[in-house]
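**Q** Got a sequence here, can you build the structure:
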Amino acid sequence: MSVSRRITKAVIPAAGLGTRFLPATKAMPKEMLPVVDKPAIQYVVAEAARAGLSDVLMITGRSKRALEDHFDRVPSLEASLEAKGDHKKLSMIQEATALGDIHYIRQRDPRGLGHAVLCAKQHVGDEPFAVLLGDDLIHEQDDLLTSMIQVQEKTGGSVIALMEVDAQHISSYGCADVEVVSGSEYVKVRGLVEKPNVDEAPSNLAVIGRYLLHPRVFDVLEHTAPGRGNEIQLTDALQELATENGEGSGVHAVIFRGRRYDTGDKLSYLEANITLAVENDELGEELKIWLKEFVDRMDA
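**A** Model prediction:
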């Protein structure tokens, strides 16, 4: 298999129902929930663009049309803002449409993350590619993808992102068994298990929603049987790749120690909003004053 070394394609699975945010997500895709003044999904697409991934494929599902509309142009709105001289808002809405070439395909059946990735096979072709989960928001000052791309170029296989979590919470994640690579900042993955029991987890290193995958993963996913939850798990395919030899095999990992928010979790979603609002040039100073006053009232 001949594989291009330069990664330009990103796959963003966005077919989930967002049941943890009902009733807010009854008629709105969870990816469109705002984080300060932009929908959560825009932060993810912007992260891909900053890393040079200009070709984006979103794996969507029923009732996700708002995603396509958001990244599309609205000439009438742009003309109205231009006529009003509101160049700031005009620039803000044009920002989303200028992030790259965005394509869409539907995952017709909810058969798991592995199946969602497999839906991208025809678009991706014979080259390594990134997978960014729409629920995971990585702070823009913490450049995770670039580090992962560098590791993938060195190792030639697949690369995942890991994060240390409290051992009591590991059963909510995929978990990695790793070994140190001498002289390197990355580690080699020996095994992966999806949502293990706390007493059976090989570590406290959780798999988070950033992957760089060799196209060999498609061959593995095509014969991966349904696993936990009766879904095709990407973790199971990566486990097979981690223990194989040959081109496209092997899995390495970058241990991320930056800021990550799970916008599919209510508390983490609120933390993302508050953190990014505090850093916002327009809102930050007044919000910090209010937060201090609010905490003082709570303490009293």
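**Q** Angles on the backbone of residue 12, please.
**A** The phi/psi pair for residue 12 (degrees, to the nearest 10) reads phi -120, psi 100.
**Q** no wait, residue 277
**A** According to degrees, to the nearest 10, residue 277 has phi -70, psi -40.
**Q** so how many other residues sit close to residue 234?
**A** 30 (other CB atoms under 10 Å). All C-beta spots, glycine's among them, are computed from the backbone N, C-alpha and C.
**Q** Cross-check the contact I'm expecting between it and residue 113.
**A** Yes. If you go by CB atoms under 8 Å, residue 234 and residue 113 touch, sitting 4.6 Å apart.
**Q** Just the CA atoms of the helix or strand hosting residue 189, as CSV, please.
**A** Assessed by DSSP states H and E, residue 189 sits inside strand 187-194. This file holds the C-alpha atoms of strand 187-194, laid out as CSV (Å, rounded to 0.1, in the frame of the first residue of the first chain):
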residue,chain,number,x,y,z
VAL,A,187,5.0,6.2,23.9
LYS,A,188,4.2,2.9,22.3
VAL,A,189,0.8,1.4,22.8
ARG,A,190,0.9,-2.3,23.7
GLY,A,191,-2.9,-2.7,24.2
LEU,A,192,-6.2,-1.0,24.4
VAL,A,193,-9.4,-1.8,26.2
GLU,A,194,-12.8,0.0,25.9
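**Q** helices and strands around that strand, which ones?
**A** strand 174-180, helix 234-243, strand 251-255 (3 or more CB pairs under 8 Å, 6 or more residues apart in numbering; DSSP states H and E).
**Q** just the angle between it and strand 174-180, please?
**A** 160 degrees (axes from the mean of the first three to the mean of the last three CA atoms, to 10 degrees).
**Q** out of the helices and strands packed on strand 187-194, nearest to residue 151?
**A** strand 251-255 (5.6 Å; CB to CB).
**Q** Flag every buried residue along the closest one.
**A** 251-254 (16 or more other CB atoms under 10 Å).
**Q** so what's residue 14 closest to, chain neighbours aside?
**A** Nearest residue to residue 14 in three dimensions, chain neighbours excluded: residue 134, at 4.6 Å (CB to CB, 6 or more residues apart in numbering).
**Q** name the element the one you found belongs to?
**A** Remark: residue 134 resides in no helix or strand, with elements defined by DSSP H and E.
**Q** hang on, isn't it packed against residue 10?
**A** No. In this structure, residue 134 is not within contact of residue 10 by CB under 8 Å, at 11.2 Å.
**Q** Residue 239 - how many residues pack around it?
**A** Using other CB under 10 Å, residue 239 has 24 other residues around it.
**Q** Contacts only, for it.
**A** 191-193 (CB atoms under 8 Å, 6 or more residues apart in numbering).
**Q** try 6 Å
**A** Listed by CB atoms under 6 Å, 6 or more residues apart in numbering, the contact set of residue 239 reads residue 192.
**Q** per-residue confidence at it?
**A** pLDDT recorded at residue 239 is 91.
**Q** Excluding chain neighbours, what is closest to residue 94?
**A** Residue 94's closest residue in space is residue 78 (CB to CB, 6+ apart), at 7.1 Å.
**Q** Report pLDDT for that neighbour.
**A** We have a pLDDT of 89 for residue 78.
**Q** That one sits in which helix or strand?
**A** Per DSSP H and E: helix 75-84 holds residue 78.
**Q** Flag every buried residue along the next helix or strand after that helix.
**A** The helix or strand immediately downstream of helix 75-84 is helix 87-97, counting by DSSP H and E. Neighbour-count burial for helix 87-97, counted by 16+ other CB under 10 Å, picks out 90, 96.
**Q** And for stretch 47-59?
**A** 47-48, 51, 53, 55-59.
**Q** Just these: which are in strands?
**A** Residues from the buried residues of stretch 47-59 lying in strands, with DSSP state E as the criterion: 55-59.
**Q** Closest one of these to residue 39?
**A** residue 58 (12.6 Å).
**Q** Good, wrapping up.
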